Every structure is written in structure tokens, then in C-alpha cells.
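Novice: Return a 3D structure for these sequence lines:
(one chain, ligands or ions: 2)
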Amino acid sequence: MSEIARLDALEILDSRGNPTLAVTATLGNGVKATAKVPSGASTGKREAVELRDDDLARYNGKGVLKARAHVETEIQNRVRGFDANDQAALDKALCDLDGTPNKARLGANAILGVSLAVARASAADRSLPLYASLGNESANLIPAPWFNVLNGGRHANNSVDFQEFMISPVGAPNYSEGLRVAAETFHALKAILQKRGYSTAVGDEGGFAPQLKSNEEPVELILEAILKAGHQPGIDVVLVLDPATSELFEDGEYVFAKSDKSRKSPEQMIEYWTRLLDQYREIWALEDGAAEDDRSGWQQLTKALGNRIQLIGDDNFVTNPKIFRQGIKDGIANGILIKLNQIGTVTETLECIQIARENGYGAVISHRSGETDDTSIADLAVAAGMGQIKTGSVSRGERIAKYNRFLEIERELGARARYAGASVYERWQAVKA
Ligand SMILES: C=C(OP(=O)(O)O)C(=O)O
Ligand SMILES: [Mg+2]
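Specialist: Ligands and ions are numbered 1, 2, ... in the order given. The predicted structure is shown next:
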């Protein structure tokens, strides 16, 4: 029988050494599966609530024993007997049981752990890989990854204000070649940093985190690394930035506190991005180029650059179907970042991806800066078929787990596997030309 028989939760550590949850769902027929919950640092204000214990004697108040107890008592009591293959009914029951609009009572970490563990158990029960179970039989598009090779902002203790500098090997013929191109570029970047006397220690997402002279220097260094590795910037490899500007926004201005201490009005921030994109035409996507609280800035940014590059909303949309629909109405962005734990259930996450598809928006599946070895987002990205994912660099195990999962999927799909690089390239090359 495919009904949920038992839920177990464990307080484990994430990649930053903070507690998080691992939830195991056991079905009546003995099939079981585990999901591990990620955790962000530069979180959006309207994300679903990650329940922490507030007991300062344990992990500085970051323990998740309350969330663990919710899984093993209240949630288990409610969902025992549910059909594991009816994800929508399960997720609705979880939301109803919580009863708050943002999962604050039971915790989005508890709820996502259950939702995802059951999704994994359902796939195992039907002897399907997770990507085929979450998507459909024809799910075969492996996304072009955004590899975060240089970290700043809240993810590194350095002089760079912008959080993520990423490379995407869109010109590769298949995923495994794309992975090779990215790894080679990462190694070339390391050699360049070493030669200049910069640190090659890495930040939270595995990108290098040196003390640089400006927020633009990373772009120069990465372009040099792509060439040094024998690849063509703007053709084989394109650049993506996530400056995570909600973290820079103070009293209506963008403050570059880690670098030159300059302040910019929303208009000046848009001028800055326009200049940067004019100068570096290899940049193909900008995530959170405006802050979550700067709605008019987001609208102006979309007007100014929305026909030219991908403008991805993360903190402002928080993978929330209702908030995302309103953002589309308001003319904000042309793509959404998709993070399971921002909303807390598999069903609502898939709904956001569907809204993006129906409205001609992009959808980029994403990890969090605090991760585990859980690889579900790789399968989710193939199931979604939207062609892009970001899951860090090639230097930390919790990120590599996802990149290696795509290698397994690529092999499993065999001749059916398609790599999304070419479609991303064609879509955005046209407007770059
Ligand atoms: C992955 C990100 O960081 P965090 O998980 O810290 O929100 C992001 O901002 O896109
Ligand atoms: Mg972001």
C-alpha cells in the first residue's frame, strides 16, 4: 500500500554548521525516503517561516527540535493514511493544518521536509526517478547551470558587495561538457587569483571570496579565466549576477557598504546596471537587481532592461504563487527564482513554475546558501523543464552532489537527454545582437 505509515525527523547539520531537518517518510509497503531541508542567509522578508527553537543554550537559538517534534507528532497524526501519490492533497492538508498564511505555526522547514520526503517516497514506490515522478514521462531537459564562482555580500567575509558572480556554459553540446567547461574555468580563476596574490578560500556557495578592489573586478577576473581556460566569453560561457540588492537597500538607497561606501538612489542603481551591461555584454542575467522593498525600482528596471536580459526575481517573489501573480501584474521582472523552502511545499513550488510558464517568464530552480547533500532540486529542475538552475560552485560537496546528480540523469536518459544551453543561448542571443 502507498499510504503514509510513519514520519521520522532528525536534527542534522547544514553546510554552514547550522541545524536543519532530515525527514523520512515510510509507506505502508515499507518503501521509505528521506528529504533534507536547506536554509538561506539573504532571505526575503515574505518567505515562509523557518521555525527555530530560540533556546540560546543550543546552537545559539538555531535548533530545530520544535520543528522536529511537529513532524513526529501533529503532522504525522494528521497525514498517516494519506495516499503518498496524491501530493496536492497532502500539501493542502499540511497548509490547512498549519493554519497560518506563512507556515509560521508548524514551520516551513517541518512542512517542506514532509512534503519532499513524501514526494521522494512516492517516486520510489512507483519505481520512477524523482524527475519523472515530479514531471512526466517526457521530462528530459537538463538545465544550463549557473555556477557561482565568486562570492560576496552576505555569503563571504570580503570587500565585494554583490553576492554572486556566476558562469553558465550555454555553448556546450551537452551537460557533462558544460560541467567540464565550468570546472576548467573555476580552476583557471583559481590560478589567476593566486598569481595576483588574492586568497583562494571559498565562500558559502563554494565560489572564491577574495578581498577585491571593486564590485566590477570579479567580472574582469572571470572573463580572463574563461579565456585562460580556452573558452569564448559570451559564446561558450555567459555571466550571471545576483547582487542580492535587498541586502544593500537602506532608507531608500542602495549602499555599497563593503566596497567604496557609495550610496545610490534607485534611479542611479538602474543607471549603474545599464552601464555595466553596456560594458560587459557577456552578462545575460541579473537576479534581484532591485530590492524587495523597491517596487517602483523593480518596475523601472524591468522597463529599462527587461527586453535585453533575464531579470530574475528572488527576494521579491519568494516562490509564492500569490505574490508572483501580483508581481507579474505590476510588470516586475521576466523570470523567477524557485526555492522550495521559500514557500514550503512541493505543490506550491510547481504552481509557481506553471505560472511562470503560462506568463512567458523564465523559472530558475535554486539551492540555498545553507545546503545539505539532498539532490531533489536537480530532479525538480529536469521535471520543470525550464532550462536553468543555480546550485553553487564546483568546490563544495553539498553543491557537487547536485551537479553529479545531473550526470546520473544524463546517463539514465541516454539518447533522450537534451541540454538546455542552446535554447538559452538562442533565446537571449537574439536580443543581445
Ligand atoms: C541562494 C541565495 O542565497 P540565500 O540562500 O542565502 O537566500 C540567493 O540569494 O539567491
Ligand atoms: Mg538571490
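Novice: And ligand 1, is the helix or strand where Glu408 lies touching that?
Specialist: Using DSSP states H and E, Glu408 maps to helix 397-413. No. Judged by Cβ under 6 Å from any ligand atom, helix 397-413 makes no contact with ligand 1; its nearest approach is 10.9 Å. In short, each C-beta sits where N, CA and C put it, glycine included.
Novice: what does that helix contact?
Specialist: Helix 397-413 is contacted by residues 14-15, 129, 131, 140, 142-143, 145, 174-176, 179, 205-206, 367, 371-375, 377-379, 382, 389, 391-394, 417 when judged by Cβ atoms under 8 Å, 6 or more residues apart in numbering.
Novice: could you redo the last one with a cut-off of 6 Å?
Specialist: 15, 140, 142, 175, 179, 206, 371-373, 375, 378, 382, 391-393, 417 (Cβ atoms under 6 Å, 6 or more residues apart in numbering).
Novice: Residues of this protein that sit close to ligand 2?
Specialist: With the criterion set to Cβ under 5 Å from the ion, the chain comes near ligand 2 through 242, 314.
Novice: Okay, now the unreliable bits of the chain?
Specialist: Along the chain, the model assigns pLDDT under 70 to residues 430-433.
Novice: Can you pull the domain assignment for it?
Specialist: 4-127, 141-432 (automatic domain parsing).
Novice: now those in CSV, with mean neighbour count?
Specialist: Output for the domains of the chain, formatted as CSV (neighbours: other Cβ atoms under 10 Å):
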stretch, mean neighbour count
domain 4-127, 20
domain 141-432, 21
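Novice: Check the offset of stretch 198-205 from the chain's centre.
Specialist: Chain-centre distance of stretch 198-205: 19 Å, with Cα atoms, centre = their mean, to the nearest Å.
Novice: Only the C-alpha atoms, please, for it, written as CSV.
Specialist: Extracted in CSV, the C-alpha atoms of stretch 198-205 (Å, rounded to 0.1, in the frame of the first residue of the first chain):
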residue,chain,number,x,y,z
TYR,A,198,44.5,37.0,-3.8
SER,A,199,43.0,34.4,-1.4
THR,A,200,41.5,31.3,-2.9
ALA,A,201,39.5,30.4,0.1
VAL,A,202,35.8,29.9,-0.8
GLY,A,203,32.5,31.4,0.5
ASP,A,204,29.2,29.8,1.5
GLU,A,205,28.4,28.6,-2.0
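Novice: near ligand 1 at all, it?
Specialist: No. Judged by Cβ under 6 Å from any ligand atom, stretch 198-205 makes no contact with ligand 1; its nearest approach is 7.0 Å.
Novice: Could you number the chain from 35 rather than 1 from now on?
Specialist: Shifting the count to begin at 35 puts that one at stretch 232-239.
Novice: re the thing from before, state the pair within the contacts of helix 431-447 that is farthest apart.
Specialist: Maximum pairwise distance in those, criterion Cβ to Cβ, is 29.8 Å, between Ser49 and Asn174.
Novice: Point out the other helices and strands that the helix or strand Ile423 falls within packs with.
Specialist: Under DSSP H and E, the secondary-structure element containing Ile423 is strand 422-424. Contact here means 3 or more Cβ pairs under 6 Å, 6 or more residues apart in numbering; DSSP states H and E; on that basis strand 422-424 packs against strand 178-185, strand 396-400.
Novice: Rebuild the ones you listed as TSV, extending it with distance to ligand 1.
Specialist: Output for those, formatted as TSV (distance: least, Cβ to the nearest ligand atom, whole Å):
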stretch	distance to ligand 1
strand 178-185	8
strand 396-400	6
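Novice: Any idea which of these gets closest to Pro252?
Specialist: Pro252 lies closest to strand 178-185 among these, at 4.4 Å (Cβ to Cβ).
Novice: Dig out what the nearest residue to Ala325 once chain neighbours are set aside forms beta bridges with.
Specialist: Using Cβ to Cβ, 6 or more residues apart in numbering and skipping the chain neighbours, the partner closest in space to Ala325 is Phe283 (3.5 Å). Per DSSP bridges, the residues bridged to Phe283 are Tyr288.
Novice: what's the distance between Phe283 and Arg450?
Specialist: 45 Å (Cβ to Cβ, to the nearest Å).
Novice: And the helices in the stretch 185-334 of the chain?
Specialist: Ranges of helices in the stretch 185-334 of the chain, per DSSP state H, counting those that start in this stretch, are 209-229, 251-262, 300-313, 329-339.
Novice: Format those helices as CSV; extra columns: distance to ligand 1.
Specialist: Formatted as CSV, those follow (distance: least, Cβ to the nearest ligand atom, whole Å):
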stretch, distance to ligand 1
helix 209-229, 17
helix 251-262, 16
helix 300-313, 17
helix 329-339, 16
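Novice: Distance to Ala69 for those helices - can I get that in a markdown table?
Specialist: Formatted as a markdown table, these follow (distance: least, Cβ to Cβ, whole Å):
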| stretch | distance to Ala69 |
| --- | --- |
| helix 209-229 | 24 |
| helix 251-262 | 34 |
| helix 300-313 | 37 |
| helix 329-339 | 32 |
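Novice: closest one to Ser457 among those?
Specialist: Closest among those, using Cβ to Cβ: helix 209-229, at 13.1 Å.
Novice: and the strand holding Ile423, how far from the chain's centre?
Specialist: Mean-position distance between strand 422-424 and its chain equals 7 Å (Cα atoms, centre = their mean).
Novice: Okay, and Lys100 sits in which element?
Specialist: helix 99-104.
Novice: Summarise which helices and strands that helix is packed against.
Specialist: When contacts are defined as 3+ Cβ pairs under 6 Å, 6+ apart, helix 99-104 packs onto helix 142-159.
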